[in-house]
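Participant: No sequence on hand, only this structure:
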């Protein structure tokens with residue numbers, strides 16, 4: 001399988017939820033320049049997610065794969081493998097599914113193109129490194145959290161971000177835990193804990 005110079009390709013960009021200062025447009029600029037230099041055409045609008053790379057289900061990725069299964073383009077182009085995913089098993093399985101659909105995976109800054117034999121070999125190696133990096137990130141996160149707890153640092157969202165009085169007002173109006181949660185951006189369990197802490201132990205009968 002080779003990509004012709006008139007082939008349609010899908011652009012995919014992802015920024016992590018923890019990298020709030022990142023702008024996916026930085027990746028898209030690289031991708032647009034890449035396909036322009038190779039005379040390729042972009043299919044529709046770029047697919048963009050803001051979610052952790054460890055998640056295999058993401059809105060834009062899912063939409064892109066749905067279009068891939070309908071063979072609407074000939075290749076998916078991303079900046080690096082870890083933008084698609086960090087699990088080696090997931091990446092390899094995805095590459096095989098796309099190969100069966102006659103669709104390639106191209107990573108612009110890594111010189112990896114699964115439409116070639118060499119590209120498929122480097123892809124497999126890169127997938128292993130992507131998963132290894134994910135494990136390093138997880139370990140560093142665990143170590144950081146443990147260190148913070150040991151130092152007495154309170155983790156999580158500050159309670160002051162959501163005024164307790166607002167929750168109490170909604171509760172007094174007969175709102176259920178679910179509805180209060182939706183109004184203030186908390187889980188029903190979080191609302192219940194806040195009410196109990198405020199001395200309100202009786203919760204609304206209707207929790208729907």
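Facilitator: Sure thing, it's come through. These figures come from a predicted structure and were not determined experimentally.

Participant: tally of neighbours for residue 88?
Facilitator: With neighbours defined by other CB atoms under 10 Å, the count for residue 88 comes to 19. In this view, the C-beta of every residue, glycine as well, is placed from N, C-alpha and C.

Participant: helix or strand right after the lowest-mean-pLDDT helix or strand in the chain?
Facilitator: The weakest-scoring helix or strand in the chain, judged by mean pLDDT, DSSP states H and E, is helix 117-150 (a mean of 62). Where DSSP states H and E defines the elements, the next helix or strand beyond helix 117-150 is helix 164-172.

Participant: After that following helix, heading C-terminal, what element do we hit next?
Facilitator: Tracing the chain past helix 164-172, the next element assigned as helix or strand by DSSP H and E is helix 177-184.

Participant: Buried residues, that following helix. List them.
Facilitator: 177, 179-181, 184 (16 or more other CB atoms under 10 Å).

Participant: Okay, domains of this protein per the record?
Facilitator: For the chain, the structural domains run 8-135, 159-197, going by automatic domain parsing.

Participant: Buried residues, the last one. List them.
Facilitator: Applying a neighbour-count criterion of 16+ other CB under 10 Å, one finds 162, 167-168, 170-171, 175-177, 179-181, 184, 186, 188, 190-192, 194-195 buried in domain 159-197.

Participant: for the longest strand belonging to the chain, packing partners?
Facilitator: Scanning the chain for the strand with the most residues, using DSSP state E, yields strand 8-15. The contact analysis (3 or more CB pairs under 8 Å, 6 or more residues apart in numbering; DSSP states H and E) places strand 8-15 against helix 24-37, strand 41-42, strand 47-50, helix 59-69, strand 75-78, helix 81-84.

Participant: can you put the ones you listed in a markdown table and add mean neighbour count?
Facilitator: Formatted as a markdown table, these follow (neighbours: other CB atoms under 10 Å):
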| stretch | mean neighbour count |
| --- | --- |
| helix 24-37 | 16 |
| strand 41-42 | 15 |
| strand 47-50 | 20 |
| helix 59-69 | 17 |
| strand 75-78 | 25 |
| helix 81-84 | 24 |
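
Participant: I'd like to know which of these is closest to residue 200.
Facilitator: Each of those has some distance to residue 200 by CB to CB; the shortest is strand 47-50, at 36.0 Å.

Participant: Just the residues contacting that closest one, thanks.
Facilitator: Here strand 47-50 makes contact (CB atoms under 8 Å, 6 or more residues apart in numbering) with 10-17, 24, 28, 58-61, 63-64.

Participant: tell me the two of the residues you listed that are most distant?
Facilitator: 10 and 17 (22.4 Å).

Participant: Look at the two and report which has more neighbours.
Facilitator: Between residue 10 and residue 17, counted using other CB under 10 Å, the more crowded position is residue 10 (24 against 12).

Participant: Now do the phi/psi pair for residue 163.
Facilitator: Backbone torsions for residue 163, taken as degrees, to the nearest 10, come to phi -60, psi 130.

Participant: my guess is residue 30 meets residue 83, correct?
Facilitator: No - using CB atoms under 8 Å, residue 30 makes no contact with residue 83, being 10.8 Å away.

Participant: related to what we said a few turns ago, now the buried residues of helix 177-184 in JSON lines, with distance to residue 77 and pLDDT?
Facilitator: Compiled in JSON lines, these are given as follows (distance: CB to CB, whole Å; pLDDT from 0 to 100):
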{"residue": "177", "distance to residue 77": "45", "pLDDT": "88"}
{"residue": "179", "distance to residue 77": "44", "pLDDT": "86"}
{"residue": "180", "distance to residue 77": "44", "pLDDT": "86"}
{"residue": "181", "distance to residue 77": "40", "pLDDT": "84"}
{"residue": "184", "distance to residue 77": "41", "pLDDT": "82"}
